[in-house]
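In: Prediction below, plus the sequence it came from.
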Amino acid sequence: MDEKALTRLLSQVKGGKVSVDEAVGQLKDLPFAELGYATLDTHRSLRFGFPEVVLGEPKTAEQILGIVAALVERKQTVLVTRLQPDKAEALVARFPKGEYHPVARIFHLRQGKARAGKVAVVTAGTGDIPVAEEAALTAEALGATVRRVYDVGVAGIHRLLRRREEIQECHAAVVVAGMEGALASAVGGLVGIPVVAVPTSVGYGANFHGVSALLSMVNSCASNVATMNIDNGFGGGFYAALISRTKGRR
């Protein structure tokens, strides 16, 4: 239940269209729903503006189906991340209105309409696109309009300069890069908007599976750069979409 639905329910009680007992029945699991293997935070949409997101990778298909069914029953948007193809197949079969995005490994079933601003998702290379798509689809699920700016890494910095204005027009940017992670600082120095840096595990030996990019981004001298964990496209997209809600002036 989101704020709009709660307001509508209380208005119906006030107008006598819904009894107090009926309202209590709808509100009895407002804080959470106990499923046995999971305690679903059904209050998050009301206090946060977006429902609980499901991490699919460590859960069984049966557990995911149960959690998603509980969200659907409550008319809440569904977002399942890090989802393997076999589990996705089971979800799509049960909930055909949802869509699985294999590159991002995300299942999304939209219910209601979230609203946010404009988010740019920028990658250093093509190898960073899976993490970038996780960020982009997450931001879109939160209602953001996403502008994808892919393969503009510092090895050919002129590619980034050509598209600087597109990024500047957005309210926040997610910059996804592996190797040495320099792109986040480059973008941060070129635009006057918040930059959410996401290091990826793309790179050779001394990249240490993303640690070199992580350290570069954490130590960025661009003061508008904040850094997520390695390969955390979901976190980057979510945070950027939240920033974009304010639609702050650049």
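Out: Cool, got the structure. Residues are numbered from 1 along each chain as shown.
In: At which residues are the strands of the protein located?
Out: Using DSSP state E, the strands of the chain run over residues 33-34, 39-40, 54-55, 78-81, 99-101, 106-109, 118-123, 145-149, 172-177, 195-199, 225-227.
In: Next, format those strands as JSON lines and append mean pLDDT, distance to Gly237 and mean neighbour count.
Out: From N, CA and C alone the C-beta is placed, and that goes for glycine too. Formatted as JSON lines, the strands of the chain follow (pLDDT from 0 to 100; distance: least, C-beta to C-beta, whole Å; neighbours: other C-beta atoms under 10 Å):
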{"stretch": "strand 33-34", "mean pLDDT": "68", "distance to Gly237": "26", "mean neighbour count": "14"}
{"stretch": "strand 39-40", "mean pLDDT": "74", "distance to Gly237": "22", "mean neighbour count": "16"}
{"stretch": "strand 54-55", "mean pLDDT": "92", "distance to Gly237": "14", "mean neighbour count": "16"}
{"stretch": "strand 78-81", "mean pLDDT": "94", "distance to Gly237": "10", "mean neighbour count": "25"}
{"stretch": "strand 99-101", "mean pLDDT": "95", "distance to Gly237": "12", "mean neighbour count": "16"}
{"stretch": "strand 106-109", "mean pLDDT": "95", "distance to Gly237": "10", "mean neighbour count": "22"}
{"stretch": "strand 118-123", "mean pLDDT": "97", "distance to Gly237": "7", "mean neighbour count": "29"}
{"stretch": "strand 145-149", "mean pLDDT": "96", "distance to Gly237": "8", "mean neighbour count": "18"}
{"stretch": "strand 172-177", "mean pLDDT": "97", "distance to Gly237": "6", "mean neighbour count": "33"}
{"stretch": "strand 195-199", "mean pLDDT": "98", "distance to Gly237": "8", "mean neighbour count": "32"}
{"stretch": "strand 225-227", "mean pLDDT": "97", "distance to Gly237": "14", "mean neighbour count": "21"}
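In: Turn those strands into a markdown table, including distance to Pro130.
Out: Converted to a markdown table, those look like this (distance: least, C-beta to C-beta, whole Å):
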| stretch | distance to Pro130 |
| --- | --- |
| strand 33-34 | 32 |
| strand 39-40 | 28 |
| strand 54-55 | 16 |
| strand 78-81 | 12 |
| strand 99-101 | 10 |
| strand 106-109 | 10 |
| strand 118-123 | 10 |
| strand 145-149 | 13 |
| strand 172-177 | 9 |
| strand 195-199 | 11 |
| strand 225-227 | 19 |
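In: And the ones you listed: which comes nearest Leu215?
Out: For Leu215, the closest of the strands of the chain is strand 195-199, at 8.4 Å, according to C-beta to C-beta.
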